[in-house]
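Undergrad: Following is a predicted model, sequence given first.
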Amino acid sequence: MTSHDKPTSDTDRITRTDPQEAEAKAVTEAALFEAFGGVRGMVETVVPGLLFVTIFTINKDLHVSAIAALVVSLVLVAVRLVLKDTVKHAFSGVFGVAFGVVFAMMTGNAKDFYLPGMLYTLGLAVAYLVTTLAGVPLIGLILGPVFKENLSWRTRNPGRKKAYAKASYAWGLILLAKCAILFPLYWWADTTQLGWVLVALKIPPFLLAVYLTWVFLAKAPPPIDVFAEMEAEEQAEKARKAQARAAAEAGASTRSQDF
């Protein structure tokens with residue numbers, strides 16, 4: 001091999017892999033967009049809390065603020081139902097707001113409207129870290145069905161499992177950092193201060209975690225489409241049965257001709 005051959009080979013390799021990498025990034029981006037709800041999903045998670053803290057900042061009325069937040073959550077679900085769109089993200093928002101409303105009404109403390117969501121965030125952070133340490137990173141469990149790979153990454157795709165582990169660690173640490181800011185404010189700040197900080201921290205940590213997930217998965221091996229494998233196996237089984245029937249019919253025809 002001459003000194004001119006190697007650059008040419010590298011160039012050819014890059015040319016061959018770049019389209020594959022671009023496709024992998026596009027597929028990963030689309031899957032993440034679907035899994036986490038995209039821009040609309042982010043809006044639906046922000047609006048109820050934003051409305052609550054805005055109204056409470058103006059009139060300090062817990063009941064009006066809580067009911068308004070719950071009503072707007074229900075409206076967002078209704079809009080999705082009318083448009084025949086997926087409602088899982090909007091419904092999760094309704095449940096979160098409902099828990100916050102009930103908790104705040106029971107205690108009479110407006111800050112408690114945010115406490116269930118904060119506890120959920122803390123629990124989710126721990127879940128990301130613990131499942132990753134256990135060898136079953138949570139982000140893989142979430143995205144596996146979206147990529148049509150289910151759990152094949154655990155035993156058949158070690159590079160992808162590693163990427164899921166990195167992404168899960170990223171989610172866990174980012175959410176823990178968010179909790180490290182919010183929980184002290186829950187004890188020391190008033191409702192409006194906590195509310196506005198929480199609204200400000202709603203989207204940026206989420207976008208950072210999604211971006212890091214995209215980076216890790218875009219560089220990982222492609223997912224194994226287990227659904228396509230099962231479909232191919234079914235088609236192969238049908239072909240084998242058809243071939244066996246044809247052979248049997250041919251054999252019967254040959255025997256009848258012999259007689």
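TA: Sure, I can see it.
Undergrad: Could you report the neighbour count for L151?
TA: 14 (other C-beta atoms under 10 Å). Bear in mind the C-beta positions are built from the backbone N, C-alpha and C, glycine included.
Undergrad: Could you do H63 as well?
TA: H63 has 11 nearby residues by other C-beta under 10 Å.
Undergrad: residues in contact with it?
TA: H63 sits next to M105 when contact means C-beta atoms under 8 Å, 6 or more residues apart in numbering.
Undergrad: V64 too?
TA: With the criterion set at C-beta under 8 Å, 6+ apart, V64 makes contact with I55.
Undergrad: Quick check: L83 vs R40, distance?
TA: 10 Å (C-beta to C-beta, to the nearest Å).
Undergrad: quick one: which of these two has more around it?
TA: R40 (15 against 9).
Undergrad: Show me where the stretch 51-200 of the chain has its helices.
TA: 62-82, 88-107, 115-133, 138-143, 152-155, 158-188, 191-200 (DSSP state H, counting those that start in this stretch).
Undergrad: Can you list the buried residues in stretch 103-112?
TA: F103, A104, M105, A110, K111, D112 (16 or more other C-beta atoms under 10 Å).
Undergrad: out of the residues you listed, who's nearest F36?
TA: F103 (25.5 Å; C-beta to C-beta).
Undergrad: residues contacting the closest one?
TA: Counting by C-beta under 8 Å, 6+ apart, F103 has contacts D112, F113, L115, P116.
Undergrad: CSV please, covering the residues you listed and showing pLDDT and distance to Y128.
TA: Below are the contacts of F103 laid out as CSV (pLDDT from 0 to 100; distance: C-beta to C-beta, whole Å):
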residue, pLDDT, distance to Y128
D112, 92, 25
F113, 93, 25
L115, 93, 21
P116, 92, 19
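Undergrad: which one of these sits closest to E149?
TA: The closest of the contacts of F103 to E149 turns out to be P116 (C-beta to C-beta; 32.8 Å).
Undergrad: where's that closest one relative to T107, distance?
TA: Counting by C-beta to C-beta - P116 and T107 are separated by 11 Å.
Undergrad: what does V82 give?
TA: Taking C-beta to C-beta, one finds V82 at 35 Å from T107.
Undergrad: closest to A239 out of the helices of the stretch 51-200 of the chain?
TA: Among the helices of the stretch 51-200 of the chain, helix 152-155 sits nearest to A239 (C-beta to C-beta), with 23.8 Å.
Undergrad: Which secondary structure elements does the closest one sit against?
TA: Helices and strands touching helix 152-155, as assessed by 3 or more C-beta pairs under 8 Å, 6 or more residues apart in numbering; DSSP states H and E, comprise helix 158-188.
Undergrad: Taking helix 191-200 as reference, get the angle to the helix it packs on.
TA: 170 degrees (axes from the mean of the first three to the mean of the last three C-alpha atoms, to 10 degrees).
Undergrad: next one: the helix or strand hosting W214 to chain centre, how far?
TA: Here W214, judged by DSSP states H and E, is contained in helix 204-218. Centroid separation for helix 204-218 versus its chain: 11 Å, with C-alpha atoms, centre = their mean, to the nearest Å.
Undergrad: Stretch 162-170 now?
TA: For stretch 162-170, the distance to the chain centre is 13 Å (C-alpha atoms, centre = their mean).
Undergrad: Show me what counts as buried in it.
TA: A163, Y164, A165, K166, A167, S168, Y169, A170.
Undergrad: next one: stretch 169-176
TA: Neighbour-count burial for stretch 169-176 [16+ other C-beta under 10 Å]: Y169, A170, W171, G172, I174, L175, L176.
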